[in-house]
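Asker: One predicted model, sequence on top.
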Amino acid sequence: MPNQILVEFGSLPNASVKSIDANIPDGATNWWIESAWATNPEGTARYPIPYVDVSNWSNSIQVVIDANKQIKIATKEDWSGYPAFFIVGYKL
């Protein structure tokens, strides 16, 4: 069974890239975002993250966890009115 942590990302970026530390422990050999639990929890709509808007690609939200164990989100539109959170899984 993998370990999991909740990461509160804060506001999504405004047509830019935002990074935060995912707080993955030292010694973790693998890490990933549990996509079923990645979402924005407030507002009139809830969007899964990553979000792909097939009618307007520039409205999409990209997300990765990089080699430095940081969650990076990129947007081309203003999503700053939406907070986000992630469940990050990792293996020690």
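Answerer: Perfect, thanks for sending it.

Asker: Give me the distance between the most centrally placed residue in the chain and residue 27.
Answerer: Compute the mean C-alpha point of the chain, and by C-alpha atoms, centre = their mean the closest residue is residue 63, 5.2 Å away. As judged by C-beta to C-beta, to the nearest Å, residue 63 and residue 27 stand 24 Å apart. Using the backbone N, CA and C atoms, a C-beta is placed for each residue, glycine as well.

Asker: Next, the residue nearest to the centre of the chain: phi, psi?
Answerer: Dihedral pair for residue 63: phi -150, psi 140, per degrees, to the nearest 10.

Asker: quick one: buried residues of stretch 67-76?
Answerer: Going by neighbour count (16 or more other C-beta atoms under 10 Å), the buried part of stretch 67-76 is 69, 71, 72, 73, 74, 75.

Asker: Report the distance from it to the chain centre.
Answerer: Its chain's C-alpha centre and that of stretch 67-76 lie 7 Å apart, by C-alpha atoms, centre = their mean, to the nearest Å.

Asker: do the same with stretch 52-68
Answerer: 9 Å.

Asker: buried ones in that stretch?
Answerer: Neighbour-count burial for stretch 52-68 [16+ other C-beta under 10 Å]: 60, 61, 63, 65.

Asker: can you pull the contacts of the third one?
Answerer: Read that as residue 63. Shown in contact with residue 63 (C-beta atoms under 8 Å, 6 or more residues apart in numbering): 33, 38, 49, 50, 71, 72, 73, 74, 86.

Asker: So which of the buried residues of stretch 67-76 is the closest to residue 20?
Answerer: Nearest to residue 20 among these is residue 71, at 5.6 Å by C-beta to C-beta.

Asker: you'd agree the closest one is up against residue 24?
Answerer: No: Residue 71 is not in contact with residue 24 according to C-beta atoms under 8 Å; the separation is 9.7 Å.

Asker: Mutual contacts of the two, please.
Answerer: What both residue 71 and residue 24 touch, as defined by C-beta under 8 Å, 6+ apart, is the set 65, 88.
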